[in-house]
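Asks: Got a sequence here, can you build the structure:
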Amino acid sequence: MFVPHRSLAACLLPLLLAGLAATAACAARPLDAPAHDGATRISVEHLREDFDALYAGLRAAHVDLYAHRSKTGYDALHRRMRAALDAPLTTTEARVRFQRFAAYGRVAHARVEPPMDAWETYLNGGGTAFPLFLRVIDGVVHVSDTIGEIEGVAPGDMLLAVDGRPVDAWLAPVRDLISADNDHLRDTQLETRLPLLAWLAHGSRDSFAVTVRKADGREVDAMAPARSRAEYGSLMASRVPRFELDWNARQTRMLDGGIAYLRPGPFYDNRPDATSPWDNGAFLAFVDQAFTGFIDRDARALLIDLRDNPGGDNAFSDPLLAWIADKPFRFSHRFEIRVSAQTTASNRRRLQDTGADRDSLSARFDALYRGQRNGDLVQFPIDWVQPRAGRRFEGAVFVLVNRHSYSNAVSVAAIVQDFGFGTVIGEETADLASTLGAMEQFTLPRTGIEVGYPKARILRPNGDPRPRGVVPDIAIDTPIVAGSEDEVLQRVLDIVGERRR
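Replies: Okay, here's the model as predicted:
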């Protein structure tokens, strides 16, 4: 909510083009034993010491470690996994083990980040990766795209099995590496992180035996060749163009029927020459100019497109919402923080690194923590935002979201829905409206591995604590296989037009 990040969708191409990997020497092997992590191995003693520190740190600093899993279950898993640390491991192997433990809690913001340096080395060595892109809908796994032509497999097919195992069994160790509060968020991450996660879970392969079901019910066995980075780039460049959203674009225009269209882009300064992502001056100028133009052109309805929006900071989104608000609003009903030594230290490091002034968010956190005991739950005050003085947009408002709307984009949709500022339309967001978030980090003493954890429970404006995304008022599914045009936008415009008649 406060830290801008790129959407998972935006990370797919770099994940593949940054290095897909191994040479013939990197034969198929489980990625508990990655081949690209150097010769240094961590001793069993140090592994167990850090594994104990991982669990102890999460118990002390996580706002609600047992929100979705019992302490009994956690303790049993810790004992089993600790006993299994019975031989030296590389840092990459340790990260994979530790992430499996962190992901057990089913909280997106409790995680050990994947070993991107090892992935880069693997890819730069010429290795290959899983060649199918998948999308899970109501528990059914579909092929959304393929890297190049694969005989017997086409986008839209249902994937039934991989390497002789039912697809859910093949995906199980992959899913175990994903920190996610619910299945929707977990499976949405599969769409964009599968090449990396499949490598971590199953190792490198030259090819994958797959079974698919066609639309007519036929089951077809096929061999899907793994693809290198070079192959990925050339094959994707030569395919028939399909519609793709630009997650980074800021767009504004008038559409037929007096409908204003605003795609605000990320809620941080995304200009290539930006000196700070937190400077909202250029963004506010863009928003003010857009709304002034909409009003001057007598727009009767407004569509705010937040699809694939990575989010950012509410210092950007609040002034946008003030143009459409008819009452005071705020992004959270309650923002509750667990004070801990880890959180206090992480926040103070950030203060030292950034030289933040006393009005900054980190400075406000620091003041809140003073005088509190570790383990205390404290309320962070959330300021109310007033509607904009003077001219405001008073027409009908629609907010378009999809499963790849993240972070502050989800907060914007929740505000619009909970305060009645407009109608939310599209797909349920994978990211949560009420979340265990405001992530901080602590470092394990022996390996130097950083562990992320949520310090706060953040409730959406209406106070609903359920771990769900924003559920649209009007549902519109994104096609499994993209066409050449923006089909979702056209359907939305038809609905908006009908409602304005």
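Asks: for the stretch 1-150 of the chain, what spans make up the strands?
Replies: Using DSSP state E, counting those that start in this stretch, the strands of the stretch 1-150 of the chain run over 128-129, 132-137, 140-146.
Asks: Report the strands that pair with the shortest one, each with its relative direction.
Replies: This means strand 128-129. strand 227-228 (antiparallel) (DSSP bridges).
Asks: And the contacts of the partner strand?
Replies: Leu20, Ala21, Gly126, Gly127, Thr128, Ala129, Pro131, Ile147, Gly148, Leu235 (C-beta atoms under 8 Å, 6 or more residues apart in numbering). In this view, the C-beta of every residue, glycine as well, is placed from N, C-alpha and C.
Asks: ok, back up a step: now the strands of the stretch 1-150 of the chain in CSV, with mean neighbour count?
Replies: Formatted as CSV, those follow (neighbours: other C-beta atoms under 10 Å):
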stretch, mean neighbour count
strand 128-129, 26
strand 132-137, 19
strand 140-146, 19
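Asks: To Asp383, which of those strands lies closest?
Replies: strand 132-137 (38.8 Å; C-beta to C-beta).
Asks: Which elements pack onto that closest one?
Replies: Packing contacts for strand 132-137, counted by 3 or more C-beta pairs under 8 Å, 6 or more residues apart in numbering; DSSP states H and E, involve strand 140-146, helix 183-202.
Asks: List the buried residues of the very next helix or strand once past the first one.
Replies: Right, strand 140-146. Going down the chain from strand 140-146, the next helix or strand is strand 158-162, by DSSP states H and E. Using 16 or more other C-beta atoms under 10 Å as the test for burial, strand 158-162 gives Met158, Leu159, Leu160, Ala161, Val162.
Asks: show me what contacts the last one?
Replies: Going back to what we said before, that points to Val162. Contact analysis of Val162 by C-beta under 8 Å, 6+ apart lists Trp170, Phe208, Ala209, Val210.
Asks: how about 7 Å then?
Replies: Trp170, Phe208, Val210 (C-beta atoms under 7 Å, 6 or more residues apart in numbering).
Asks: Got the confidence number for Tyr369?
Replies: Looking at Tyr369, its pLDDT reads 95.
Asks: Could you pull up the residues touching it?
Replies: Val339, Thr344.
Asks: how close does it get to Arg330?
Replies: Distance, Tyr369 to Arg330, by C-beta to C-beta, to the nearest Å: 22 Å.
Asks: who does the one helix or strand Val492 maps to touch, helix- and strand-wise?
Replies: Here Val492 sits within helix 487-500, counting by DSSP H and E. With contacts taken as 3 or more C-beta pairs under 7 Å, 6 or more residues apart in numbering; DSSP states H and E, helix 487-500 sits against strand 301-305, strand 396-401.
Asks: and the first one, how far from the chain's centre?
Replies: When you say that, I think you mean strand 301-305. Mean-position distance between strand 301-305 and its chain equals 24 Å (C-alpha atoms, centre = their mean, to the nearest Å).
Asks: can I get the CA coordinates of that strand in PDB?
Replies: The C-alpha coordinates for strand 301-305 follow below in PDB (Å, rounded to 0.1, in the frame of the first residue of the first chain):
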ATOM      1  CA  ALA A 301     -19.500   9.300 -17.200                       C
ATOM      2  CA  LEU A 302     -16.000   8.400 -16.200                       C
ATOM      3  CA  LEU A 303     -14.200   5.100 -16.500                       C
ATOM      4  CA  ILE A 304     -11.000   4.700 -14.400                       C
ATOM      5  CA  ASP A 305      -9.000   1.800 -15.700                       C
END
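Asks: tell me the mean pLDDT for the helix or strand that it is followed by?
Replies: Downstream of strand 301-305, the next assigned helix or strand under DSSP H and E is helix 314-322. Averaged across helix 314-322, the pLDDT comes to 96.
Asks: Can you report how many residues lie near His68?
Replies: By other C-beta atoms under 10 Å, 15 other residues sit near His68.
Asks: quick one on the thing from earlier: most tightly surrounded among the helices and strands packed on strand 132-137?
Replies: helix 183-202 (a mean of 22; mean count of other C-beta atoms under 10 Å).
Asks: circling back: nearest to Thr72, of the helices and strands packed on helix 487-500?
Replies: Smallest distance to Thr72 across those (C-beta to C-beta): 37.6 Å, for strand 396-401.
Asks: rewinding a little: so which of the contacts of strand 227-228 is the closest to Ala110?
Replies: Ala129 (26.7 Å).
Asks: Roughly how far does the residue nearest to the closest one when sequence neighbours are not counted sit from Ser179?
Replies: Distances taken as C-beta to C-beta, 6 or more residues apart in numbering place Pro195 nearest to Ala129, at 4.0 Å, with adjacent residues excluded. According to C-beta to C-beta, Pro195 stands 18 Å off from Ser179.
Asks: what would the helices and strands packed on strand 132-137 look like in JSON lines with distance to Ala299 and mean pLDDT?
Replies: What follows is the helices and strands packed on strand 132-137, written out as JSON lines (distance: least, C-beta to C-beta, whole Å; pLDDT from 0 to 100):
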{"stretch": "strand 140-146", "distance to Ala299": "35", "mean pLDDT": "96"}
{"stretch": "helix 183-202", "distance to Ala299": "33", "mean pLDDT": "95"}
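Asks: Format these as CSV; extra columns: distance to Ser360.
Replies: Below are the helices and strands packed on strand 132-137 laid out as CSV (distance: least, C-beta to C-beta, whole Å):
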stretch, distance to Ser360
strand 140-146, 42
helix 183-202, 30
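Asks: Among the ones you listed, which comes closest to Ala84?
Replies: It's helix 183-202; of the helices and strands packed on strand 132-137, that one is closest to Ala84 (C-beta to C-beta) at 16.2 Å.
Asks: Same question for whatever helix or strand comes next after the closest one: list its buried residues.
Replies: Downstream of helix 183-202, the next assigned helix or strand under DSSP H and E is strand 207-213. Of the residues in strand 207-213, Phe208, Val210, Thr211, Val212 count as buried by neighbour count, 16+ other C-beta under 10 Å.
Asks: And for stretch 83-94?
Replies: Buried, per 16+ other C-beta under 10 Å, within stretch 83-94: Leu85, Leu89, Thr90, Thr91, Thr92, Glu93, Ala94.
Asks: Tabulate the CA atom coordinates of stretch 188-204 in PDB.
Replies: Provided in PDB are the C-alpha atoms of stretch 188-204 (Å, rounded to 0.1, in the frame of the first residue of the first chain):
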ATOM      1  CA  THR A 188      -2.700 -15.500 -10.200                       C
ATOM      2  CA  GLN A 189       0.900 -15.500  -9.300                       C
ATOM      3  CA  LEU A 190       1.400 -18.700 -11.200                       C
ATOM      4  CA  GLU A 191       0.500 -16.900 -14.300                       C
ATOM      5  CA  THR A 192       3.600 -14.800 -14.300                       C
ATOM      6  CA  ARG A 193       6.100 -16.600 -12.100                       C
ATOM      7  CA  LEU A 194       5.700 -20.200 -13.300                       C
ATOM      8  CA  PRO A 195       9.000 -20.400 -15.300                       C
ATOM      9  CA  LEU A 196      11.000 -19.500 -12.200                       C
ATOM     10  CA  LEU A 197       8.900 -21.500  -9.700                       C
ATOM     11  CA  ALA A 198       8.800 -24.600 -11.900                       C
ATOM     12  CA  TRP A 199      12.600 -24.500 -12.100                       C
ATOM     13  CA  LEU A 200      12.800 -24.200  -8.300                       C
ATOM     14  CA  ALA A 201      10.400 -27.000  -7.700                       C
ATOM     15  CA  HIS A 202      11.200 -29.400 -10.500                       C
ATOM     16  CA  GLY A 203      14.600 -28.500 -11.900                       C
ATOM     17  CA  SER A 204      15.700 -28.100 -15.500                       C
END
